[in-house]
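Participant: Have a look at this prediction, sequence included:
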Amino acid sequence: MADCLFCKISSGEMDTDFVYEDDQVVVFEDINPQAPVHLLIVPKKHIADLNHLEASENDLIGHVYQVAKKMAAENGIDDSGYRLVSNCGDEGGQTVYHIHFHLLGGRELQWPPG
Ligand code: AMP
Ligand code: ZN
């Protein structure tokens, strides 16, 4: 997807500092952090949003959760707690239409979200 920001970032085109990378995902710091730890876990494959997720991508999403667990431990928030969020659609708060998962922690998070 030529005009997709997260395709450009995940392919390395933007020279982003990755805190983690493997063959399926990249992880980098959110440019506008909402918590002391705010990482974005982004599949390299372009999937616009949750509405476009196929059953064939179930392993990929399971992998995302394993990476989130690893990132939480590496950032010392596994015991204190954290949140993994994927916003979908305009009212869900999605602004970048390439599926991604926010890992937020390092402070007490509120519920329900605003
Ligand atoms: P969402 O609003 O759920 O689609 O999440 C998109 C996130 O991407 C927001 O939290 C933005 O702050 C973040 N973001 C946008 N551009 C960049 C960028 N160039 N580098 C890192 N994070 C970004
Ligand atoms: Zn994309």
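Facilitator: Done, it's in. Since this is a predicted model, take the numbers as computed values, not measurements. Ligands and ions are numbered 1, 2, ... in the order given.
Participant: Retrieve the pLDDT associated with Gly114.
Facilitator: On the pLDDT scale, Gly114 is placed at 84.
Participant: Sorry, slip of the keys, the one I care about is Ile47.
Facilitator: pLDDT, read off for Ile47, is 98.
Participant: Could you do Ala2 as well?
Facilitator: Ala2 carries a pLDDT value of 82.
Participant: repeat for Ser11
Facilitator: Turning to Ser11, the model gives it a pLDDT of 97.
Participant: Now it. Nearest residue, chain neighbours left out?
Facilitator: The shortest distance from Ser11 to any residue other than its chain neighbours is 7.4 Å, reached at Lys44 (Cβ to Cβ, 6 or more residues apart in numbering). For glycine as for every other residue, the C-beta is placed from the backbone atoms N, C-alpha and C.
Participant: quick one: the one you found and Gly12 touch, right?
Facilitator: No - Lys44 lies out of contact with Gly12 (Cβ atoms under 8 Å); the separation is 10.0 Å.
Participant: Comparing the two, which residue is more hemmed in?
Facilitator: Lys44 (18 against 12; other Cβ atoms under 10 Å).
Participant: now His102, what's its secondary structure?
Facilitator: At His102 the chain is in strand, as set by DSSP: H, G, I helix; E, B strand; the rest coil.
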